[in-house]
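Asker: Give me a model of this one.
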Amino acid sequence: FPPPRETPRMGYGTLNVNVVEASNLPSKDMLSKNDPYCKLDLQGSTQAFKTKVISGGGKTARWEEQFNFNIIDGNTQFLLSVMDKDKFSSDDTIGSAMVDISNLFQTNGQPVDRWVTLKDKKKQRRRSGAAYLHMEAHALPCCSTSSSSSRRQVHEPSAWRPCQPLRQHRCAA
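Answerer: Numbering: from 1, shown residues only. You can find the predicted model right below:
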């Protein structure tokens, strides 16, 4: 029998998020259609991204934009906000959701497609549409364990290369 696999834990790695589309977005403009865009903010980090604005998108939008986060222990979720771009006032939040990423590293790099329900900023029980995400997590194994040393190798963020799949990763022994 093969040895039992070690359960992956949150550690160093990359999270690739493709913001595909949004649907059933409530209108935030009285005289025109929504001009939606998305913001992604990794909690416990300064990493944040924004999609392009879909002018006149209305109740639906299609972005198909990919963003890459560097993940360390403690980064377990990101805030997804769908916004309405306004010219003469501050942008309106159409809806938002906290997206849990803690289990994605247990998929061994397999893509996860998910519709995320967006909630109204003021009335959290009210649905404000949904966004479709395609996500992949790639753990960087801190894998240097030998019989002479029980220390695990730690990869510093400066050594990260974005979008590096697990099969291409090589630990410097």
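
Asker: For Asn18, name its beta-bridge partners.
Answerer: Note on Asn18: beta-bridge partners Gln66, His134, judged by DSSP bridges.

Asker: Go ahead and confirm it touches Leu133.
Answerer: Yes - counting by C-beta atoms under 8 Å, Asn18 does reach Leu133; the two are 6.8 Å apart. Bear in mind the C-beta positions are built from the backbone N, C-alpha and C, glycine included.

Asker: Which one's more surrounded, these two?
Answerer: Legend: neighbour count by other C-beta atoms under 10 Å for Asn18 and Leu133, higher for Leu133 (21 against 16).

Asker: can you tell me which residues contact that one?
Answerer: Leu133 sits next to Val17, Asn18, Val19, Val20, Leu80, Val99, Asp113, Arg114, Trp115, Val116 when contact means C-beta atoms under 8 Å, 6 or more residues apart in numbering.

Asker: neighbours around Ser89, how many?
Answerer: Neighbour count of Ser89, defined by other C-beta under 10 Å: 6.

Asker: Please settle this for me: is it part of a strand?
Answerer: No - under the criterion used here (DSSP: H, G, I helix; E, B strand; the rest coil), Ser89 is coil, not part of a strand.

Asker: Could you pull up phi and psi at it?
Answerer: The phi/psi pair for Ser89 (degrees, to the nearest 10) reads phi -150, psi 180.

Asker: any idea how far Gly58 is from it?
Answerer: Ser89 sits 19 Å away from Gly58, taking C-beta to C-beta, to the nearest Å as the criterion.

Asker: And for Gly44?
Answerer: Taking C-beta to C-beta as the measure, Gly44 falls 34 Å from Gly58.

Asker: again, but for Asp86
Answerer: For Asp86 relative to Gly58 (C-beta to C-beta), the value is 15 Å.

Asker: Next: Ala22.
Answerer: Taking C-beta to C-beta, one finds Ala22 at 11 Å from Gly58.

Asker: More neighbours: those two, which one.
Answerer: Shown here are Ala22 and Gly58; by other C-beta under 10 Å, Ala22 has more neighbours (31 against 14).

Asker: tell me the contacts of that one?
Answerer: Counted by C-beta under 8 Å, 6+ apart, Ala22 has contacts Pro36, Cys38, Thr60, Ala61, Val82, Leu118, Gly129, Ala130, Ala131, Tyr132.
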